[in-house]
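Q: one predicted model, sequence on top.
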Amino acid sequence: MKHRRITRRRTAVAGGAVAALVIAGISFQSANATDSTDRFSVKALTAPAAGTLALSLKADLGASEAGAYYDAAAKALVVNVVSEDAARSVREAGAEARVVEHTLAELTGARQTLTERATIPGTAWATDPVTNKVVVTADRTVSGARLTQLRQVVQSLGSKAELKRTAGEFKPFAAGGDAIHSGGGRCSLGFNVVKGGEPHFITAGHCGETGSEWSDSAGGAAIGSMVDSQFPGNDFALVKYSGDTPHPSEVNLYDGSAQPITKAGDATVGMKVRRSGSTTQVHEGEVTGLDATVNYGNGDVVEGLIQTSVCAEPGDSGGSLFAGDTAIGLTSGGSGNCSSGGETFFQPVTEALSTFGAEIG
């Protein structure tokens, strides 16, 4: 049956600069023929395949694994480890091993310190496997005593953390791919899903409350109602369509075509992604961090987000983050805009689907 597309009006998402993923000094083949690493070759992988291998190695290596990322230029998975024995296991699996200073437990401890001593509106932090640090970002609203406090906490963490500034302001992108409207506000539809055999869609939790009605045009007739909304802490919501007409799983590309979505997947640092929203339409970039904590300026805190260099703006909230035919995230918020750049954060789709008991239709 034909899909009723949620309006052609869509919003944009704010973004930032693309992070370089090739580390100086790392080579995929030793020049020394007697080096034991020569016996193993690095597999060329797609980003999704690299993510699958990263999860497998994480389970096998346990505490010896210290994060991983996808080297898009080399099409290879790079895995951080803290011992040579673990490095050998990584090489045997076909990934590039990189011995680093800090364990994941140490970086997790640094994040806990930040949560306890630096939960300041306008700040965010995420573990960066490329630098083997927790990268803390402060937006333009953090100044004076609060900035001094933040700097002191970061400095106390030594080489486990670093502080950066962004010219924008961290905020949820609610002004609200297709535009959806409720009570005068506008957001973007994330992905069509199925729950209990009935059609639904997912979007950002900060867009509305449980029980709110949504339409595909400003002041238009309701096409569905929000049956569950979770924000802050998480940032996802489930809307049940009125009626039982199936809605195809696809993302509007704003060029007269759509990207079919066949499955949901997890993000990997270095993964190339695109975002569709009703304000700024389609933009692309890459994943720069995982498990990010964002302290939005209004005091709301959201954890477990995907950090990216994709741009977005108000109204893009809830919109689709995807890689090929794989659903990756829902637009939450960030800093900047599609003219000046900034960071944008996304709620992982897999967590939303698991919580709601839904699946890509």
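A: Cool, got the structure.
Q: tell me which residue lies nearest the centroid of the chain.
A: Nearest to the mean C-alpha position of the chain, by Cα atoms, centre = their mean, lies I306 at 2.1 Å.
Q: in the chain, which helix or strand is least confident?
A: strand 171-172 (a mean of 85; mean pLDDT, DSSP states H and E).
Q: what packs against the helix or strand just after that one?
A: Heading C-terminal from strand 171-172, the first helix or strand you meet, by DSSP states H and E, is strand 179-182. Contact here means 3 or more Cβ pairs under 8 Å, 6 or more residues apart in numbering; DSSP states H and E; on that basis strand 179-182 packs against strand 185-188, strand 213-215. Using the backbone N, CA and C atoms, a C-beta is placed for each residue, glycine as well.
Q: make CSV out of these and add distance to G109.
A: Formatted as CSV, the helices and strands packed on strand 179-182 follow (distance: least, Cβ to Cβ, whole Å):
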stretch, distance to G109
strand 185-188, 36
strand 213-215, 42
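Q: any chance you could map the helices in this structure?
A: For the chain, the helices defined by DSSP state H cover 47-61, 84-92, 104-117, 144-156, 349-356.
Q: go through the longest one and flag the buried ones.
A: Right, the one you point to is helix 47-61. The neighbour-count check on helix 47-61 (16 or more other Cβ atoms under 10 Å) flags 47-48, 50-54, 57-58, 61 as buried.
Q: quick check, nearest of these to I261?
A: P48 (13.3 Å; Cβ to Cβ).
Q: give me the pLDDT value at the closest one.
A: Looking at P48, its pLDDT reads 87.
Q: which one is N80 nearest to, not counting chain neighbours?
A: Closest residue to N80 apart from its sequence neighbours, by Cβ to Cβ, 6 or more residues apart in numbering: A66 at 3.9 Å.
Q: what's the answer for A110, then?
A: The spatially closest residue to A110, leaving aside those adjacent along the chain, is K160, at 4.4 Å (Cβ to Cβ, 6+ apart).
Q: in the stretch 251-361 of the chain, what spans have low per-residue confidence?
A: Of all residues in the stretch 251-361 of the chain, none has pLDDT under 70.
Q: show the residue spans covered by the strands in the stretch 151-300 of the chain.
A: If DSSP state E, counting those that start in this stretch is used as the criterion, the strands of the stretch 151-300 of the chain fall at 161-165, 171-172, 179-182, 185-188, 191-195, 198-203, 213-215, 222-230, 236-241, 250-252, 258-260, 263-264, 272-277, 281-295.
Q: and of those strands, who's closest to S317?
A: Of all those, it is strand 185-188 that lies closest to S317, at 4.6 Å by Cβ to Cβ.
Q: I'd like the average pLDDT over the closest one.
A: Per-residue scores along strand 185-188 average to 90.
Q: could you list the buried residues of stretch 194-211?
A: Residues of stretch 194-211 classed as buried by neighbour count (16+ other Cβ under 10 Å): 195, 199-208.
Q: okay if I get those residues as TSV plus distance to F356 and pLDDT?
A: Listed next are the buried residues of stretch 194-211 as TSV, based on distance: Cβ to Cβ, whole Å; pLDDT from 0 to 100:
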residue	distance to F356	pLDDT
K195	6	96
P199	13	95
H200	8	96
F201	11	96
I202	7	97
T203	12	97
A204	14	96
G205	11	96
H206	16	95
C207	15	94
G208	15	93
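Q: okay, those in CSV with distance to D255 next?
A: Formatted as CSV, those follow (distance: Cβ to Cβ, whole Å):
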residue, distance to D255
K195, 30
P199, 25
H200, 27
F201, 22
I202, 24
T203, 22
A204, 24
G205, 29
H206, 29
C207, 25
G208, 29
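Q: would you check which pair of the residues you listed lies furthest apart?
A: P199 and H206 (23.0 Å).
Q: list the contacts for the nearest residue in space to T141 that is not next to it in sequence?
A: Here the nearest residue to T141 in space, its sequence neighbours aside, is G122; by Cβ to Cβ, 6+ apart that works out to 4.2 Å. G122 makes contact with 138-142, 146, 169-170, 295, 297 under the criterion Cβ atoms under 8 Å, 6 or more residues apart in numbering.
Q: out of these, grab the one that's most surrounded.
A: Neighbour tally across those (other Cβ atoms under 10 Å): the maximum, 28 neighbours, falls on F170.
Q: need phi/psi at it.
A: Dihedral angles of F170 (phi, psi; degrees, to the nearest 10) stand at phi -70, psi 120.
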